[in-house]
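S.K.: Sequence plus the predicted model coming up.
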Amino acid sequence: MRRLAFLSAVLLLTVLSQVGGAVLILAWLLGRALLPKGSLRGLAVLALFAILYSAATLVVIPPLAALAGRVPLPCRAEPGRPVATGSPLYCLLNRNYVDPRLVPLLDALAAAMEQAYPGTVTLYLDANFPFLDGMPLAPHLSHDDGRKLDLAFFYADPGGAYRPGSLRSPVGYWTFEQPGPDDPQPCIEPRWPTLRWDMGLLQGMYPDRPLEPERTRAALAWLLEEGPRFGLEKILLEPHLVHRLGLSSPLLRFQGCRAARHDDHLHLQITP
Ligand SMILES: [Zn+2]
């Protein structure tokens with residue numbers, strides 16, 4: 001039973017953070033080698049895991065990932081660099097690594113947003129793991145090579161005023177914008193099998209925090225206009241949002257009705 005729990009933890013940590021499972025195995029091996037058997041050894045292994053994982057995340061992984069061609073995005077906004085992760089979890093779980101070409105793209109977008117709307121913070125969500133082309137960042141099957149990045153929409157308070165650095169859900173996903181009666185709705189017919197989950201039960205649990213359409217439209221318009229200079233290949237966004245925000249570009253694509261929805265965030269990717 002304990003072995004099964006340990007293996008499950010290794011698997012879960014690998015799926016969530018790529019390196020967490022390997023670090024847990026290392027902590028367990030060190031614990032067995034250095035500590036006497038007893039009821040406290042499990043706790044000591046957990047403490048060792050926390051220390052080793054923190055050291056790996058802060059010190060070891062960034063330079064190794066750079067050798068492998070991926071760099072971490074900044075976790076917090078700083079003066080002169082108004083870009084941050086939408087949730088500390090993305091940095092904690094090493095899900096904030098990208099192809100280095102995505103950094104100037106994101107920085108330029110954030111700078112343009114700050115210039116047009118002072119005080120605006122551009123938030124990113126899931127990016128990629130530090131290593132291994134071909135290993136997807138679950139549940140995003142395509143985030144497996146450093147070239148993919150999800151950006152959060154901008155949100156407002158119920159009165160319509162922009163809320164800097166705010167998401168509607170704690171991690172930024174699963175807070176879907178709903179199409180209006182005149183918007184295109186290509187996925188109205190249910191399909192099976194599908195990865196397009198509507199998360200109906202969750203929708204009523206979030207705070208009343210509407211999309212801030214002006215900043216969201218401006219960010220998308222900037223990406224469509226300036227993004228190709230930085231290697232932008234395409235953006236995934238639901239057709240009803242493309243319509244609502246008045247956008248038009250061959251770079252805007254629809255992922256189809258069997259993949260995850262893109263009206264709670266936007267997905268962008270750069271060329272190979
Ligand atoms: Zn994505």
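M.R.: Happy to help now that I have it.
S.K.: and the residue of this protein nearest the ion?
M.R.: Residue nearest to the ion within the chain (C-beta to the ion): residue 267, separated by 3.3 Å. Backbone N, C-alpha and C define where each C-beta goes, glycine included.
S.K.: Just list the residues touching that residue, thanks.
M.R.: Contact analysis of residue 267 by C-beta atoms under 8 Å, 6 or more residues apart in numbering lists 140, 142, 148, 149, 150, 235, 236, 237, 255.
S.K.: that's a strand at the fourth one, yeah?
M.R.: By that I understand residue 149. Yes - assignment of residue 149 by DSSP: H, G, I helix; E, B strand; the rest coil places it within a strand.
S.K.: Excluding chain neighbours, give the residue nearest to it in space.
M.R.: Of all residues not flanking residue 149 in the chain, residue 127 sits nearest, at 5.1 Å (C-beta to C-beta, 6 or more residues apart in numbering).
S.K.: ok, that neighbour touching residue 148?
M.R.: Yes - in terms of C-beta atoms under 8 Å, residue 127 counts as a neighbour of residue 148; the distance is 7.3 Å.
S.K.: returning to that earlier point: what are the phi and psi angles of the residue of the chain closest to the ion?
M.R.: Main-chain torsions, residue 267, degrees, to the nearest 10: phi -110, psi 130.
S.K.: what pairs with it across the strands?
M.R.: Taking DSSP bridges, one obtains residue 150, residue 236 as the residues bridged to residue 267.
S.K.: Can you read off the pLDDT for it?
M.R.: Confidence at residue 267, expressed as pLDDT, is 97.
S.K.: Residue 72: neighbour count?
M.R.: 21 (other C-beta atoms under 10 Å).
S.K.: Please give the element, helix or strand, for the residue nearest to residue 30 when sequence neighbours are not counted.
M.R.: Closest residue in space to residue 30, ignoring its immediate chain neighbours: residue 48 at 6.0 Å, by C-beta to C-beta, 6+ apart. Secondary structure from DSSP states H and E places residue 48 in helix 41-55.
S.K.: can you list contacts of the following helix or strand past that helix?
M.R.: Downstream of helix 41-55, the next assigned helix or strand under DSSP H and E is helix 61-67. When contacts are defined by C-beta under 8 Å, 6+ apart, helix 61-67 is touched by residues 19, 71, 72, 94, 97, 130, 131.
S.K.: quick check: domain ranges of the chain?
M.R.: Per automatic domain parsing, the structural domains of the chain span 2-67, 73-270.
S.K.: so how far is the first residue of the longest one from its last?
M.R.: Yep, that's domain 73-270 we're talking about. Using C-alpha to C-alpha, to the nearest Å, the end-to-end distance of domain 73-270 comes to 15 Å.
S.K.: Brilliant, that's me finished.
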